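Quick one, fold the following:
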Amino acid sequence: MATKGKMKVLVVDDEKAISHALELKLSHDGFDVVVASNGEDALESIAKEKFDLILLDLVMPRKDGFEVLEELHAKGNTVPIIVTSNLGQEEDKKRVEHLGITHYLIKSNTSITDMVSKIKETLGVA
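Sure thing, here's the model as predicted:
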């Protein structure tokens, strides 16, 4: 997948502080990181590059995370997807669980360090 053993993670979040912190932490931990701030840019990146994991926010401009998940699901996506959102309602979780997500993290309850740990755990590099 990623070149020379470096795993590639796509961080999709319109909150610049969160995406920047994740980019710094993941890069420091040896990951190749691509950041997209909306669903359209995320889908363009996914069409051009292969990722080992996608970290996806749900509430974003220009295609939200629900739309991104639906498109990827329809295309038979096999890349692990960790959803990060402040939408903690059960109906939101249920709405995305059947679309093949790996984990659902509530942003307000999950630190950047914990998000990175979950990424590593999912990729088997913990």
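
shaky segments in this structure?
For the chain, the stretches flagged by pLDDT under 70 are 1-5, 126.

Recalculate using a threshold of 80.
Along the chain, segments meeting pLDDT under 80 span 1-5, 88, 126.

Can you show me the helices along it?
Using DSSP state H, the helices of the chain run over residues 16-28, 39-48, 65-74, 90-97, 112-123.

and the first one with helix 112-123, angle?
When axes from the mean of the first three to the mean of the last three Cα atoms, to 10 degrees is applied, the directions of helix 16-28 and helix 112-123 differ by 50 degrees.

Single out the most deeply packed of the helices of the chain.
helix 65-74 (a mean of 19; mean count of other Cβ atoms under 10 Å). C-beta here means a position set from N, CA and C on the backbone, and glycine is covered the same way.

Which secondary structure elements does it sit against?
On a contact count with 3 or more Cβ pairs under 8 Å, 6 or more residues apart in numbering; DSSP states H and E, helix 65-74 meets helix 39-48, strand 53-57, strand 81-85, helix 90-97.

Please write out the alpha-carbon positions of the second one in PDB.
The reference is to strand 53-57. Only the C-alpha atoms of strand 53-57 are listed here, as PDB (Å, rounded to 0.1, in the frame of the first residue of the first chain):
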ATOM      1  CA  LEU A  53      -6.600   4.100   7.000                       C
ATOM      2  CA  ILE A  54      -9.100   7.000   6.800                       C
ATOM      3  CA  LEU A  55      -9.900   9.200   9.800                       C
ATOM      4  CA  LEU A  56     -13.200  10.800   8.900                       C
ATOM      5  CA  ASP A  57     -15.200  13.600  10.500                       C
END
